[in-house]
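Chemist: Kindly return the folded structure for what I paste below:
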Amino acid sequence: MAKAIWNDVVLAESETCETVEGNIYFPPGALNREHFRESTTTSGCPWKGTARYYTVVANGQENTDAAWYYPEPKPAAENIRDHVAFWRGVQVSA
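Modeler: I've put the predicted structure just below:
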């Protein structure tokens, strides 16, 4: 069971994740959505496509752009479509 935790809150939890480039990507249904806010930030990857970001909110604190996902990945990354990965202090365990 993989878990993503920040500020003592479980953000995501799943037995079926994808691992790409050392990052664990959680399926959309694994997220505790009340802790996510859409961000306007984007970034690009030559083989995965354009990433979108979420700001994570837990226990009254915000972690800006701490999660990302690929809503329209390139064909090589289709397995992570809408899956979410974390950074910026979010603890991910598998």
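
Chemist: For residue 6, see how far away residue 87 is.
Modeler: Separation of residue 87 from residue 6 (CB to CB, to the nearest Å) stands at 10 Å. Using the backbone N, CA and C atoms, a C-beta is placed for each residue, glycine as well.

Chemist: and what of residue 67?
Modeler: From residue 67 to residue 6 the distance is 9 Å (CB to CB).

Chemist: list residues touching both of the two?
Modeler: 56, 86, 90 (CB atoms under 8 Å, 6 or more residues apart in numbering).

Chemist: so which of those comes closest to residue 26?
Modeler: Nearest to residue 26, judged by CB to CB, of the shared contacts of residue 67 and residue 6 is residue 86 at 8.2 Å.

Chemist: isn't that closest one right next to residue 10, touching?
Modeler: No: checked against CB atoms under 8 Å, the pair residue 86 and residue 10 is beyond contact range at 11.8 Å.

Chemist: Looking at residue 87 and residue 6, which is more packed in?
Modeler: residue 6 (22 against 12; other CB atoms under 10 Å).

Chemist: Looking at that one now. What's its pLDDT?
Modeler: pLDDT, residue 6: 98.

Chemist: list the contacts for it?
Modeler: So residue 6 contacts 56, 58, 63, 66, 86, 89-91 (CB under 8 Å, 6+ apart).

Chemist: Select from these every entry located in strands.
Modeler: 56, 58, 63, 66, 86, 91 (DSSP state E).

Chemist: could I get those residues as CSV with neighbour count?
Modeler: Putting those into CSV (neighbours: other CB atoms under 10 Å) gives the following:
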residue, neighbour count
56, 25
58, 19
63, 20
66, 24
86, 23
91, 11
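
Chemist: so can I have JSON lines of these showing distance to residue 47?
Modeler: JSON lines is the format used below for those (distance: CB to CB, whole Å):
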{"residue": "56", "distance to residue 47": "26"}
{"residue": "58", "distance to residue 47": "32"}
{"residue": "63", "distance to residue 47": "27"}
{"residue": "66", "distance to residue 47": "23"}
{"residue": "86", "distance to residue 47": "20"}
{"residue": "91", "distance to residue 47": "27"}
